[in-house]
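[1] Let me see the structure of the following:
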Amino acid sequence: MARAVPRKLIVGVVVLTGLAVGSAIDSRMPSTSDVLERPFLLHTALGEKATMRTAEVRVAEVSSARSVLSGGREFASAGTWVLLDLEILALHEPVLISGMELHSASGHVYGGSGDVPFGCGTAQPGVLQNCRVAMEVAPADLVGLELRVPASGEPGSPGDDLMVVDLGITPDSPVVTSPAQRTEVVRASFGGAS
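    Here you go, the predicted structure:
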């Protein structure tokens, strides 16, 4: 004759199994502080648009130069000026895209405030803005550069969108092999809605 298993024992086994499964799931989930300390990465490539919380941004073209002209002044470099042609469309309210950084494969970070005036103004909702940004980079760091654009305008902003653009710069790219002698960085131009 089969012996009946007491109900309390079955309930106890089910409860312990549930606790073990819950504990295993919880250990694999990121903590609230982990989520809030890391940005939401939006990976894209040259020519592709990324939609961040504040704006749609596209790096339309990348080029390079030995010196840049801005505001009637020439800025020469022992390195290379990387020129980024951007398209920006603010989504809900006016936005200034700032805090951009170039990250090299070797781990160097370029960007921040520099001598060359920023070429992008405040983008308005519904009005596509085209602008050019110049950042000085060591020639050895050109290959593999990535542009990082924070939605908040502050580099390293936790818990917010961060656009990461592979600029597609290879050893045989014109950016590396044939930078222009001089290029002008002009203020933003505005077009129709995208």
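
[2] what about the strands in this structure?
    Shown for the chain, the strands assigned by DSSP state E span residues 40-45, 49-51, 55-70, 73-90, 101-103, 109-111, 129-137, 146-150, 161-166, 180-184, 189-190.

[3] Now those in a markdown table, please, with extra columns for mean neighbour count and mean pLDDT.
    C-beta: built from backbone N, CA, C; applies to glycine. Listed next are the strands of the chain as a markdown table, based on neighbours: other Cβ atoms under 10 Å; pLDDT from 0 to 100:
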| stretch | mean neighbour count | mean pLDDT |
| --- | --- | --- |
| strand 40-45 | 14 | 89 |
| strand 49-51 | 16 | 93 |
| strand 55-70 | 20 | 91 |
| strand 73-90 | 18 | 89 |
| strand 101-103 | 18 | 92 |
| strand 109-111 | 17 | 88 |
| strand 129-137 | 21 | 90 |
| strand 146-150 | 21 | 91 |
| strand 161-166 | 21 | 90 |
| strand 180-184 | 14 | 84 |
| strand 189-190 | 12 | 64 |
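
[4] Tabulate these in CSV, adding columns for distance to residue 21.
    What follows is the strands of the chain, written out as CSV (distance: least, Cβ to Cβ, whole Å):
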stretch, distance to residue 21
strand 40-45, 29
strand 49-51, 37
strand 55-70, 42
strand 73-90, 46
strand 101-103, 40
strand 109-111, 43
strand 129-137, 50
strand 146-150, 38
strand 161-166, 34
strand 180-184, 61
strand 189-190, 56
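
[5] between the ones you listed, which gets nearest to residue 22?
    Residue 22 sits nearest to strand 40-45 of all the strands of the chain, at 26.9 Å, using Cβ to Cβ.

[6] Not counting the closest one itself, show me its contacts.
    Contact with strand 40-45 is made by 50, 51, 52, 159, 160, 161, 162, 163, 164, 165, 166, 168, as judged by Cβ atoms under 8 Å, 6 or more residues apart in numbering.

[7] Give me the spatial nearest neighbour of residue 144, chain neighbours excluded.
    If the residues on either side of it in the chain are set aside, residue 144 comes closest to residue 105, at 3.6 Å by Cβ to Cβ, 6 or more residues apart in numbering.

[8] Surely the one you found touches residue 141?
    Yes. Using Cβ atoms under 8 Å, residue 105 is in contact with residue 141, at 7.4 Å.

[9] which of those two has more neighbours?
    residue 141 (21 against 13; other Cβ atoms under 10 Å).

[10] other SSEs contacting the longest helix along the chain?
    The longest helix of the chain (DSSP state H) is helix 7-28. The criterion is 3 or more Cβ pairs under 8 Å, 6 or more residues apart in numbering; DSSP states H and E, and there are no helices or strands that helix 7-28 contacts.

[11] Would you mind writing the CA trace of that helix as CSV?
    The C-alpha coordinates for helix 7-28 follow below in CSV (Å, rounded to 0.1, in the frame of the first residue of the first chain):
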residue,chain,number,x,y,z
ARG,A,7,0.6,18.1,2.3
LYS,A,8,2.9,20.2,4.4
LEU,A,9,5.9,18.5,2.9
ILE,A,10,4.7,19.2,-0.6
VAL,A,11,3.9,22.8,0.2
GLY,A,12,7.4,23.2,1.7
VAL,A,13,9.1,21.7,-1.3
VAL,A,14,7.2,24.0,-3.7
VAL,A,15,8.0,27.1,-1.6
LEU,A,16,11.7,26.2,-1.4
THR,A,17,11.8,25.6,-5.1
GLY,A,18,10.1,28.9,-5.8
LEU,A,19,12.6,30.7,-3.5
ALA,A,20,15.5,29.0,-5.3
VAL,A,21,14.2,30.0,-8.7
GLY,A,22,13.5,33.6,-7.6
SER,A,23,17.0,33.9,-6.1
ALA,A,24,18.6,32.6,-9.3
ILE,A,25,16.7,35.1,-11.4
ASP,A,26,17.4,38.0,-9.0
SER,A,27,21.2,37.2,-9.1
ARG,A,28,21.2,37.6,-12.9
